[in-house]
Structures are given as C-alpha cells and as structure tokens.
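Enquirer: Structure for the following, please:
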Amino acid sequence: MQERRSVALVAAVVGAASLGAEIAAARLLAPWFGASTIVWANTIATVLVALSGGYYVGGRLADRDPTFAGLCRLVLVAAGLMAAVPFVAGPFLRVSVDALDSVQAGAFVGSLVAVLVLIAAPVLVLGCVAPYAVRLSVGTLDEAGRVAGRLYAISTLGSLAGVFLSALVLIPFVGTRRTFLAFALALGLAAALGLRKRMPALATAIPVAIALLIALPTGTVKATTDGRVIWEGETDYQYARVVERPDGERQLELNEGLAVHSTYTPGAYLTGNYWDQPLVLPFAARPAAPPRSIAILGSAAGTVARAYGHFFPATRIDAVEIDPKLTEVGRELFDLHAPNLHTHAADARPWLRSTSRRFDVIYVDAYRQPYIPFYLATEEFFALAKRRLNPGGQVIVNVGHPEGSRRLEQVLSATMRSVFGHVARDPSEDVNTQLVAADVPVSGANIDAAVRGGVIPPALRGIAGDAARRTAPGLGGGRVYTDDVAPVEWLIDASIVQVAADGER
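Expert: Residues are numbered from 1 along each chain as shown. I've put the predicted structure just below:
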C-alpha cells in the first residue's frame, strides 16, 4: 500500500513536469522564434510524439524490471535531462537564429526541429512513467481498470497543476530557466523516494546539483553585439528587452528580436523610420486640421504616442497595449509622456469593441513579429473600427512584410476595401507599408494641401512631402479575410519561403 501511494505521488509529479515543460518550452523558444501558433503547434506536436514514444518504451521496460526503484531511475534520468535543457539549448538556438537571419528557411526549420527534439528527450523519458506506474500498481486482473483509471486521473490533475504553476507562478516570477529547473528538482526529489536506500549518493547528488543551478544568477537571455542590454524581462505575454546603442538610441525588442518595436533617442521625436508616417498620413484623408483623437492599437513602449504628444499636443491619444509591462518600460526608459495621453492595458480588438469613444484615426501596429494577429486583419475587425471612427475618420495599418513580398499587403488591402470606400498605400520602408482606409478620398495631394496650408508643423513637412509622393492607390488582388478564415501565418510563412527561394536563385 505504501508503495502504491509512492507510485501515485511520482505519477502526479511527472504529470506536472510534462505539461509544465511544454509551457516552458514554448517560452524558451519565444525569444528566438516568436510565440506564433506555428511554434505552439510544433511544441505540442513534439510533446505528444515524445509521450507516445515514452508510453511504448515504458511498457517494455516495466515488464523487464517491475520495481519501484526501476521507475525512480527513469524519473531521475528525466530530472537530469530537464535540468540540462535551458543550458544545452543555447547553441541550437543561436544556430537557428543565424539561419533565420540569412533567410534560409530550410535551415531555420531544421534548427527549430532540432531544438524541439532536445525538448522531447526529457518528455519521452517522462512518458515511460505512466505504463510503468500501472504495471507496479495492478495487483490482480480484477482491479486493473480501476487502478489504471485512478493513476491517469492523478497524472492528469498533476498536469493541470503543472500548467497553472508554470504559466501563473514560475515563469512570471522566476523565469523560464528556473521553471525548467524547478520541475527538474521536483522530479529529482520524487525519484529519491525509491533510490534513497539503493543509490543514496546519486539520489542526493542530483537534486542538490539542480538546487545549486537554481541559485545561480540567470544573466542575459540573449547577447547583443551592437549595444548593451539595459533591461530585459519575461512579462506575462513575452520576452522583452531594451538595447541601448553606442549613440544613445534605445530600442525595444520582443521575443525573437528580429524587429524593433519602439525606439527612443533623447531629445528627438522623429525616428527616420516607419513610426514617423502616422504623424502625416492622417492628412491624406483630412487635410484641413490635425486629428482631434487617435487610438494606437499596439503602442509597445510608445514611440508614436510620444511623437503625437510633442507635435500635436491638443490631440487626445489612447495608447492600447496588451502588455502593461511595455507601457511601464516606455515611461521609464522611452520618455513616454504626452499632454493628452491615456494608456490602456488591453487586447486591441476587445478594447475597441468595449470603448464608447470615437476617433479621427485608428492606427494599428500590433505585430507579434512577423505575424499580425489574425483577428486584426479581418473584415469584421475593420467593420468594428469603422463604427468607432468619426465622420471622415480613417484606419491606418502598418503592414510588416518580407522585403519584396506583397501578399499580406494585398490581402489587407482587399479586406479593408470591402469595408471602406477608399484604400491607399505608402511604401515607406522596404519591409513596412502603411495602408490608409477611409470613406472619403485618400491621396498624396491632400497631404500636399495640408503642407501648403500650414496645417502640418514645419518639422514634419519634409516627411509629409515624401509621403505625399509615395502615396498611391492600394494594391489589387488578394482575398478578403474573415474571422472564420484568415490564414495570416500560413501566408506570411509562404512569403518568407518564397523570398528565400527567390534570393537563392
């Protein structure tokens, strides 16, 4: 009876570690590959395949050595493998990022699979525990179903605890590396139940070693060769860091770090990048006066909001950012202040649905690089945005895309055109195009008229002139995306592969 209780305890701890490791694995990959559904699908699939393999192997091992000590040896091996994951994964991740930086899609996929296989190793060993535990707990054929059901229930409850413990407690408060180590420590302590008499030195040494690893300082998750990291952290939503360049410019990087989400140079409000375009593009539809109000969906650390507050202090700014930590970082490190600024910690579309305010401009820049959330790229979303606009108001969307690729822009243009009467484009950067949609004519001529009329501040007139020359009707082609069918990630992945293939040719 005592051994059955010990087996049940081990099953619960293993269940918690299996699912906790899955959550932590996705978090481990996020700083390098992002947190898209593709990454989640790869992680979940790898865990399921590893568990399946473990079930098969565990059943065979249990028949060869049906002892509690044999079960605990497996758990101890899993503890050691799990403790190694956050340390050994680094070289694989660096290779993966190097491949992605050179846009070699095949190498990128291969490296990502290699990382996931690394995660699968401890999970496969953990999968061996379930059939092993059943083998040890079943005394007679009459109780086989009852015993197996009880053990699977205990293991599943442990998995549930592991999910919430990792997502709500460990990752937010101690970080990804220590989350892996905490579950490894729990496994090591559970294994000691059956090994403390037969292998006392090993049963003690591994948990102690893991505990010492937990005590080590974590250091920087990702090194940078072009500046220094002045802040980094794992928020409730993502990995984030602020890099200060040698010239004093600060940049906010999220997850994989392939894109800069906010930038700040002391004493400057213009960036020389796509953040400047929302300051002048509203005049493409409303040349007579600056916007009275703007909602920024995806404010990050507030580059656009800060600039609006400087150049248009009378404009009401509602800056919406799902991750409140980024707004806090914006205030502390990016001088996020404006006379009429209102910040909101909320997801963009639910916030837009719940607000009763109307705006002259809704600016959408809510990328989880390189993907835009699908629910911000659909006909229903733009119809909602239209209901939140004042007469003559407009929606401006920053469309990030691989250089030379137009597929996402075509889709968004078609979708916006299905709701608004006019869609124009400003290809402001090689990898960023601004789309402007309104029910009134949108043109570069309107921007020129605002410049001539003195409506646009002098410091912005050069940017406005450039935008006026670039602004043209939106692209044709593309399908209209809806909430039901919006394969944004597949479209972007296909675009990346196509650009890579064209580059190799």
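
Enquirer: what's the distance between stretch 276-294 and the middle of its chain?
Expert: Remark: stretch 276-294 is offset 31 Å from the chain centroid, using Cα atoms, centre = their mean, to the nearest Å.

Enquirer: tell me how far the ends of it are from each other?
Expert: 15 Å (Cα to Cα, to the nearest Å).

Enquirer: Which of the residues in that stretch are classified as buried?
Expert: 276-287, 290-294 (16 or more other Cβ atoms under 10 Å). From N, CA and C alone the C-beta is placed, and that goes for glycine too.

Enquirer: Check stretch 378-393 too.
Expert: Neighbour-count burial for stretch 378-393 [16+ other Cβ under 10 Å]: Thr378, Glu379, Glu380, Phe381, Phe382, Ala385, Lys386, Arg388, Leu389, Gly393.

Enquirer: swap in stretch 340-349?
Expert: Going by neighbour count (16+ other Cβ under 10 Å), the buried part of stretch 340-349 is Leu341, Thr343, His344, Ala346, Asp347, Ala348, Arg349.

Enquirer: a markdown table for the buried residues of stretch 378-393, including secondary structure and pLDDT?
Expert: Putting those into a markdown table (DSSP: H, G, I helix; E, B strand; the rest coil; pLDDT from 0 to 100) gives the following:
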| residue | secondary structure | pLDDT |
| --- | --- | --- |
| Thr378 | coil | 93 |
| Glu379 | helix | 95 |
| Glu380 | helix | 95 |
| Phe381 | helix | 94 |
| Phe382 | helix | 97 |
| Ala385 | helix | 97 |
| Lys386 | helix | 97 |
| Arg388 | coil | 98 |
| Leu389 | strand | 97 |
| Gly393 | strand | 96 |
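
Enquirer: Let me know the closest of those to Leu270.
Expert: Using Cβ to Cβ, Gly393 comes nearest to Leu270 of the buried residues of stretch 378-393, at 24.6 Å.

Enquirer: pLDDT below threshold where in the stretch 401-505 of the chain?
Expert: Filtered on pLDDT under 70, the stretch 401-505 of the chain yields the residue ranges 493, 495-505.

Enquirer: quick one, helices of it?
Expert: Along the stretch 401-505 of the chain, counting by DSSP state H, counting those that start in this stretch, helices occupy 407-417, 444-452, 461-470, 488-504.

Enquirer: ok and the second one relative to helix 461-470, angle-wise?
Expert: To tie it back to what came earlier, the one meant is helix 444-452. Orientation check (axes from the mean of the first three to the mean of the last three Cα atoms, to 10 degrees): helix 444-452 against helix 461-470 gives 160 degrees.

Enquirer: How far off centre is helix 444-452?
Expert: The answer for helix 444-452 is 39 Å, by Cα atoms, centre = their mean.

Enquirer: List of residues touching that helix?
Expert: Residues from elsewhere that reach helix 444-452 (Cβ atoms under 8 Å, 6 or more residues apart in numbering): 280-281, 283-288, 424, 456, 461, 464-465, 467-472.

Enquirer: can you do 7 Å?
Expert: With Cβ atoms under 7 Å, 6 or more residues apart in numbering as the test, helix 444-452 has contacts from 280, 283-285, 287, 456, 461, 464-465, 467-469, 471.

Enquirer: Ok, stretch 12-20 next?
Expert: The contact list for stretch 12-20 (Cβ under 7 Å, 6+ apart) reads 51, 75, 82, 123, 126, 129, 154-159, 161-163, 165-166, 179, 183, 186-187, 190.

Enquirer: so where's the stretch 101-250 of the chain shaky on pLDDT?
Expert: 101-116, 217-225.

Enquirer: Mind jotting down where the helices sit in it?
Expert: Using DSSP H, counting those that start in this stretch, helices in the stretch 101-250 of the chain cover 105-127, 129-137, 144-164, 171-174, 176-195, 200-215.

Enquirer: Which elements pack onto the fifth one?
Expert: Identification of packing neighbours for helix 176-195 by 3 or more Cβ pairs under 7 Å, 6 or more residues apart in numbering; DSSP states H and E yields helix 2-33, helix 68-101, helix 200-215.
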